[in-house]
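Q: give the three-dimensional model of this entry:
(one chain, ligands or ions: 2)
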Amino acid sequence: MNKQLTIAMPKGRIFTEAVELLRNAGFELPPEFDDSRKLIIDVDEEDFRFILAKPMDVATYVEHGVADLGIAGKDVLLEEERDVYELLDLKISSCYLAVAGLPGTKINDVAPKIATKYPNIAAAYFREQGEQVEIIKLNGSIELAPMIGLADRIVDIVSTGRTLKENGLVEYETIAGVTSRLIVNPVSYRIKDERISELIKRLNEVIY
Ligand SMILES: Nc1ncnc2c1ncn2[C@@H]1O[C@H](COP(=O)(O)OP(=O)(O)OP(=O)(O)O)[C@@H](O)[C@H]1O
Ligand SMILES: O=P(O)(O)OC[C@H]1O[C@H](OP(=O)(O)OP(=O)(O)O)[C@H](O)[C@@H]1O
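A: Ligands and ions are numbered 1, 2, ... in the order given. Now for the predicted structure:
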């Protein structure tokens, strides 16, 4: 039986930290990981195949079983609710989800508008607060929305707080902390359990 492990890696922000973590855990990842446009990288010595995906898509590859494992931000997992198991908090790429807006403004009483890249998280959050809102889905530069009158509030990631500050916005509420997680396809978890347990063990030794 083929016991190669396919791991979906998020391109972008998380990638460098994830590669560093795997190397710290003793996995020999070649220089291609530092500078390449390849989307599939095989590491034969470790019997790993890495696929490089958009962060929002990682859990999709894992749910469909074309990747056994993946590394995904908790924000993506909350938003997408894919049928995958979360195995480990890797404690990398730490940030949080928050509600923000222009300072000193009250949220509109009637169907306030919330701009976000995370429509499901935002809808669930305001539902729990008992507030009826209109969600406006954007794909980036979310902070623009309250500045130009598209929305009353935004739901977005905050890391250093610099983007909010430089655009004159303030944070109103924190929704959830976010770090990257190791996720697994439920079937892979059963049939490749030995290799996956070994990976978890080695990662656990270098997570802090
Ligand atoms: N300051 C931050 N802004 C956004 N995401 C962050 C930040 N810090 C850590 N993260 C984590 O990184 C992930 C996003 O990574 P990245 O910004 O590379 O992708 P993306 O914004 O989804 O991609 P793109 O902008 O190309 O659509 C998030 O899912 C989150 O878990
Ligand atoms: O608190 P900070 O350290 O400033 O980080 C938060 C910002 O970073 C992200 O945007 P990104 O850079 O991914 O650009 P985007 O607007 O295109 O999503 C996020 O959406 C915030 O705008």
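
Q: distance between the longest strand seen in the chain and the chain's centre?
A: The single longest strand within the chain, with elements called by DSSP state E, is strand 170-178. Relative to its chain's centre, strand 170-178 lies at 16 Å (Cα atoms, centre = their mean, to the nearest Å).

Q: and whatever helix or strand comes next after that strand, what's its mean pLDDT?
A: Later in the chain than strand 170-178, the nearest helix or strand by DSSP states H and E is strand 180-184. Strand 180-184 shows a mean pLDDT of 98.

Q: now M147: how far from ligand 1?
A: Separation of M147 from ligand 1 (Cβ to the nearest ligand atom, to the nearest Å) stands at 18 Å. All C-beta spots, glycine's among them, are computed from the backbone N, C-alpha and C.

Q: who are the contact partners of the most centrally placed residue in the chain?
A: The centre of the chain sits closest to G73, judged by Cα atoms, centre = their mean, with a distance of 2.0 Å. By Cβ atoms under 8 Å, 6 or more residues apart in numbering, G73 lies in contact with P10, I14, P55, S93, V178, T179, S180, R181.

Q: who does it bridge with?
A: Following DSSP bridges, G73 is listed with bridge partners S180.

Q: just say helix, strand or coil for whatever residue of the chain ends up closest to ligand 2.
A: The chain approaches ligand 2 most closely through G140 (2.8 Å), counting by Cβ to the nearest ligand atom. Using DSSP: H, G, I helix; E, B strand; the rest coil, the structure places G140 in coil.

Q: what count of nearby residues applies to the closest residue to it other than its chain neighbours?
A: Excluding the flanking residues, the one nearest G140 by Cβ to Cβ, 6 or more residues apart in numbering is K117, at 6.8 Å. Neighbour count for K117, taken as other Cβ atoms under 10 Å: 19.

Q: next up, the contacts around the closest residue to I207 other than its chain neighbours.
A: Distances taken as Cβ to Cβ, 6+ apart place K91 nearest to I207, at 5.4 Å, with adjacent residues excluded. Going by Cβ under 8 Å, 6+ apart, K91 touches T179, S180, I207, Y208.
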